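Undergrad: What follows is a predicted protein model with its sequence.
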Amino acid sequence: MKLFMKKHGLGGANTLTGLKFEGKVDFLTFIKEQKNYSVEGNDIFYHGQKVGLTFKKHGLYKYLGEKGIDYTELISQKLLPDDAIFVIANNTMHIIEIKFQEGSGSTDEKLQTCDFKIKQYRKLFSRLNFEVKYIYILNEWFQKQGYKDVLDYIISVEGCSYYFNYLPLQKIGLPVPDAEIIC
């Protein structure tokens, strides 16, 4: 499948620089398979140096609790990300939502919530002084003309972006492996 790249992080064709999604893929599973990467618990290492942390759904709130943060003091309801990746180099928590669809449905409206969600996540991480980015990984279903307005909206929200079937490691601040990535 040919993927394309547009301004503000759309698409991506170079599997040597990121994670190519085929169906619903787990970030942690992917990164463990990459040359020079290793994982211990939630910690991500590259050439033996810690470069990040990764969390899924409720694991994010366990981490916040370990840091002395009670989410109920900041937001009224848990948001459960598909993946949350903290990159040490840029002090940024990347919230990853994977949306794969083959027909119209509730995901259509979920794409319109990135402004609210990024604001909620920013509240959660404000005490840690983390930057927050919110990224959708979408399949080709969302390349249809009928999604142009919602895709334009996503990139109009500061800190929100999307990619088709791909997450570029360099864009989120993680090192790109020295050799070919296993997809």
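TA: Received it, and whenever you're ready, just let me know what you need.
Undergrad: All the strands of the protein, in order from the start?
TA: Counting by DSSP state E, the segments of the chain that form strands are 18-20, 37-40, 43-46, 49-55, 83-87, 92-99, 131-138, 160-164, 166-168.
Undergrad: Worst mean pLDDT among these?
TA: Averaged per stretch, pLDDT over the strands of the chain is lowest on strand 18-20, reaching a mean of 56.
Undergrad: want to throw the strands of the chain into CSV with mean neighbour count and distance to residue 72?
TA: For every residue, glycine as well, the C-beta is placed using N, CA and C. Formatted as CSV, these follow (neighbours: other Cβ atoms under 10 Å; distance: least, Cβ to Cβ, whole Å):
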stretch, mean neighbour count, distance to residue 72
strand 18-20, 22, 33
strand 37-40, 14, 30
strand 43-46, 18, 27
strand 49-55, 18, 18
strand 83-87, 24, 18
strand 92-99, 22, 19
strand 131-138, 22, 19
strand 160-164, 22, 25
strand 166-168, 22, 30
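Undergrad: out of those, which comes closest to residue 28?
TA: Go through the strands of the chain one by one with Cβ to Cβ and the one that ends up closest to residue 28 is strand 49-55, at 5.3 Å.
Undergrad: Partner strands of the closest one and their direction?
TA: Partners of strand 49-55 in the sheet, by DSSP bridges, are strand 43-46 (antiparallel), strand 83-87 (antiparallel).
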